[in-house]
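Colleague: got a predicted structure plus its sequence, pasted below:
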Amino acid sequence: MGRPSTRVLVAVALAVAVGLATAVSPFASSSPDGLEAVAREKRFIERGEPHAVQGDAPIAGYAFPGIANERVATGLAGFAGTLLVFAIGYGAARLLRRRPEAP
């Protein structure tokens, strides 16, 4: 049996990443991150304001908009985010790939 092709490896890796992002992200901790925890502890969290970019984010709060079930919304956000990052990376790799020089 020969070595698997690069395309097969990429497809399997993408399938694993999408599967994990979709299935596991709904079970991520809802505890605040370190910065938010410190802001609450030091009692200045109420003075904080979201950055302007956050209001325009396509998937703000790591939950797909318009879906009532929080776990499903988070899973779809993981799914969409993983595919988007893959597409950007794949596109960059294709653009930056060295092509052999013509003789």
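Modeller: Thanks, I have it.
Colleague: contacts, neighbours, all on C-alpha from now
Modeller: Noted.
Colleague: so who does the residue nearest to residue 23 when sequence neighbours are not counted touch?
Modeller: Once flanking residues are discounted, residue 23 sits nearest to residue 75: 6.2 Å by Cα to Cα, 6 or more residues apart in numbering. Applying Cα atoms under 8 Å, 6 or more residues apart in numbering, we find residue 75 in contact with 21, 22, 23, 24, 25, 26, 63.
Colleague: ok, and the closest non-adjacent residue to the fourth one?
Modeller: Distance criterion Cα to Cα, 6+ apart; nearest residue to residue 24, sequence neighbours excluded, is residue 75 at 7.5 Å.
Colleague: same check, this time on the first one
Modeller: Excluding the flanking residues, the one nearest residue 21 by Cα to Cα, 6+ apart is residue 78, at 4.7 Å.
Colleague: center of this protein, which residue is that?
Modeller: residue 81 (3.8 Å; Cα atoms, centre = their mean).
Colleague: so it is in which element?
Modeller: Using DSSP states H and E, residue 81 falls within helix 70-96.
Colleague: in that helix, which residues are buried?
Modeller: 71-83 (16 or more other Cα atoms under 10 Å).
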